[in-house]
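Peer 1: Need a 3D model of the following:
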Amino acid sequence: MKAQQRRTPVEGLAPRAMSVAVIRRLGFTLIELLVVIAIIAILMGILMPTLSRARESARKVACLSNIRTLGFANVLYAADCDNRLVPFVDPTQRFTLNNGSTQSLLWCNIPAYIAALNATAKNTLDFPVISAGTSATGNYALPKKLRCPSCIIDKDAYWARQIGGATRWEIRTTYGYNVQDATRGYDAEVYRGKGLPQLKIKQPSQKIIFIDSSDCVVDMPRANYVIYWDRVGEIYEHPDKIRLTSYRHSEGANVSFVDGSAAYRRKETVFQFIGSPNTDGGSEDVSANEKMWFILP
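Peer 2: Numbering: from 1, shown residues only. The predicted structure is shown next:
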């Protein structure tokens, strides 16, 4: 008598029943599906911060290129303008507001500086046109290609400030011009129309001329990150945003120096405290590296 052969459960089934058994064996159970989803979620949690850092790193590089363009154009401007850097404001070039008053051009709209920027960028950039109007009296702006891509504020309405009645101006630059020397009495001559004398500047590779900002101008006291940036960030409606340095790149800022070079600097390097920060609302802190902010000797 032949020994009865052992058959697997599948071999002992009819064809239709066998196909159902195979499908059941090859399919996922609910627990297995949940495990796969959990693994995917864990991987996404690991990868997303890395991807976010990679995107910010790319934006920081693009911003550094922009601010280097601003600085190098400033050097070209000086070569054509009696060795003086572009002034913060030029009262000899004005436009009329819709309330009848006039406004001086700021550094980012002075025609000779625009020409230097176009020469540096090797093409004709799309500069906004200064003009009078009913809703916006004038635009102080840089082309979108020269604005910081990490700025979270709407690039088409970057900064608006009421200047009387229904009139206003809009400033869209994302970079600020260092006006710290104005606090020492240089404002009347070197900022208003003439610009800083390039040949009198010592250590130009260490002097800030442009830096990431939510305003078109900056100064040393408002580079104090403990009092300003750490509290209000990039919320531009806050009154403390005027002249404020924006440490929007991994708690640091891109800086353009007087010699045309540019570099990334951590906020602790841009503003170095002497002792503990003053947080009681009293006198403003002075940076230990104030020589980086005062351009002239």
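Peer 1: for this structure, what helix or strand is lowest in average pLDDT?
Peer 2: strand 160-162 (a mean of 41; mean pLDDT, DSSP states H and E).
Peer 1: For residue 247, which non-adjacent residue is closest in space?
Peer 2: residue 267 (4.4 Å; Cβ to Cβ, 6 or more residues apart in numbering). C-beta coordinates here come from the backbone N, C-alpha and C atoms, glycine included.
Peer 1: Restrict stretch 33-45 to CA atoms and write it as CSV.
Peer 2: Provided in CSV are the C-alpha atoms of stretch 33-45 (Å, rounded to 0.1, in the frame of the first residue of the first chain):
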residue,chain,number,x,y,z
LEU,A,33,-0.3,48.6,6.3
LEU,A,34,-0.1,50.8,9.4
VAL,A,35,3.5,49.8,10.0
VAL,A,36,4.4,50.8,6.4
ILE,A,37,2.6,54.2,6.9
ALA,A,38,4.4,54.7,10.2
ILE,A,39,7.8,54.0,8.6
ILE,A,40,7.1,56.4,5.8
ALA,A,41,6.0,59.1,8.3
ILE,A,42,9.3,58.6,10.3
LEU,A,43,11.3,58.9,7.1
MET,A,44,9.5,62.1,6.1
GLY,A,45,10.1,63.5,9.6
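Peer 1: mean confidence score for that stretch?
Peer 2: Across stretch 33-45, the average pLDDT comes to 84.
Peer 1: for stretch 253-267, same thing?
Peer 2: So the average pLDDT for stretch 253-267 ends up being 96.
Peer 1: And the helices in this protein, which stretches?
Peer 2: Counting by DSSP state H, the chain has helices at residues 15-26, 30-80, 111-121, 229-232, 267-270.
Peer 1: tell me which residues in the fourth one are buried?
Peer 2: For helix 229-232, burial by neighbour count (16 or more other Cβ atoms under 10 Å) applies to 229, 232.
Peer 1: which residues of the stretch 151-297 of the chain score low on pLDDT?
Peer 2: 153-172, 183-192, 235-241, 278-284 (pLDDT under 70).
Peer 1: mind listing the strands for it?
Peer 2: 160-162, 168-172, 175-178, 208-212, 217-218, 252-257, 262-266 (DSSP state E, counting those that start in this stretch).
Peer 1: Most tightly packed of those?
Peer 2: Among the strands of the stretch 151-297 of the chain, strand 175-178 has the highest mean neighbour count (mean count of other Cβ atoms under 10 Å), at a mean of 29.
Peer 1: and that strand, which strands flank it?
Peer 2: strand 208-212 (antiparallel), strand 217-218 (parallel) (DSSP bridges).
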